[in-house]
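Asks: This is the structure alone, sequence omitted:
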């Protein structure tokens, strides 16, 4: 509009299950962060989208303020274009448990693309009875928001000629670490709110662009998908 940010809306979910979402920072001590000269462990983010238990809660925002400001600036828009959008999903909602768990679908973004831009897709899929795990890879996406509010920009690592090939290698390792993490969270002996939530015998993966290549490449070497 001429007086402010244009108004958009996220499409309503089409499934029968209300959705919850939770972002989780993952730290893989066995690997090093790209560009850190071996000084820092690999850290990245997975965002879970899942059928949630009944109850009220705070609706998830489409994207954090820093991500909204970054993307809006690149498109010549006001940050409010994105920050004022609310989703149907409830932030950090209690998951809805069922016997045997829910089938799991991993999602890998396109190169240089933030996980938030696929929200309508992954949120809707979760409403049909899936746990969807969107993976965001620092130094690959232009900007990655962590649960504690800090962000990581793509920086010089993403500008190298070999960046895409290197990114694919990192994505495969990130994805396998996500699978390890889901197995730990699913154990009934733990304190995780997601214990027994995942049907890991039925785990699929899809992606956009480089994310599709990451799905295919991971499937070749990891039978869990």
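Replies: Structure's in. What do you need? Keep in mind that what you see is a predicted model, and the values were worked out from it rather than measured.
Asks: can we go C-alpha only for contacts and neighbour counts from here?
Replies: Will do.
Asks: excluding its backbone neighbours, what's nearest residue 128?
Replies: Among residues not flanking residue 128 along the chain, residue 15 sits closest, at 4.4 Å (Cα to Cα, 6 or more residues apart in numbering).
Asks: Next, residue 129: secondary structure please.
Replies: With DSSP: H, G, I helix; E, B strand; the rest coil as the basis, residue 129 sits in coil.
Asks: pretty sure it contacts residue 17?
Replies: Yes: the criterion here is Cα atoms under 8 Å, and residue 129 meets it with residue 17 at 6.6 Å.
Asks: any shared contact partners between the two?
Replies: Residues touching both residue 129 and residue 17 (Cα atoms under 8 Å, 6 or more residues apart in numbering) are residue 51.
Asks: Relative to the biggest strand by length in the chain, what are the paired strands and their orientations?
Replies: The residue-count maximum for a strand in the chain (DSSP state E) belongs to strand 19-32. Applying DSSP bridges, strand 19-32 is found paired with strand 41-51 (antiparallel), strand 86-91 (parallel).
Asks: hey, which helix is longest across the chain?
Replies: helix 163-186 (DSSP state H).
Asks: Quick check: phi and psi on the spatially most central residue of the chain?
Replies: Compute the mean C-alpha point of the chain, and by Cα atoms, centre = their mean the closest residue is residue 134, 2.8 Å away. Backbone torsions for residue 134, taken as degrees, to the nearest 10, come to phi -90, psi 130.
Asks: still on that earlier bit, ok, the residue nearest to residue 128 to residue 124 distance?
Replies: 7 Å (Cα to Cα, to the nearest Å).
Asks: same deal with residue 117?
Replies: The gap separating residue 117 from residue 124 is 13 Å, by Cα to Cα.
Asks: Looking at the two, which is more packed in?
Replies: Using other Cα atoms under 10 Å as the criterion, residue 117 and residue 124 rank with residue 124 on top: 25 against 13.
Asks: list the contacts for the more buried one?
Replies: Under the criterion of Cα under 8 Å, 6+ apart, the neighbours of residue 124 are 12, 13, 14, 15.
Asks: repeat for residue 110
Replies: Contacts of residue 110 by Cα under 8 Å, 6+ apart are 207, 208, 209, 210, 211, 212.
Asks: low-scoring stretches of this protein, by residue?
Replies: Along the chain, the model assigns pLDDT under 70 to residues 1-5, 155-161, 190.
Asks: So which residues of it form helices?
Replies: 65-75, 80-83, 119-126, 163-186, 210-221.
Asks: Give the bridge partners for the residue nearest to residue 50 when sequence neighbours are not counted, please.
Replies: Distances taken as Cα to Cα, 6+ apart place residue 131 nearest to residue 50, at 4.5 Å, with adjacent residues excluded. Taking DSSP bridges as the rule, residue 131 bridges to residue 104.
Asks: Tell me, how many residues neighbour residue 131?
Replies: Residue 131 has 29 neighbouring residues, counting by other Cα under 10 Å.
Asks: Residue 24 too?
Replies: Residue 24, neighbours per other Cα under 10 Å, totals 14.
Asks: That one contacts residue 49, doesn't it?
Replies: No: Residue 24 lies out of contact with residue 49 (Cα under 8 Å); the separation is 11.4 Å.
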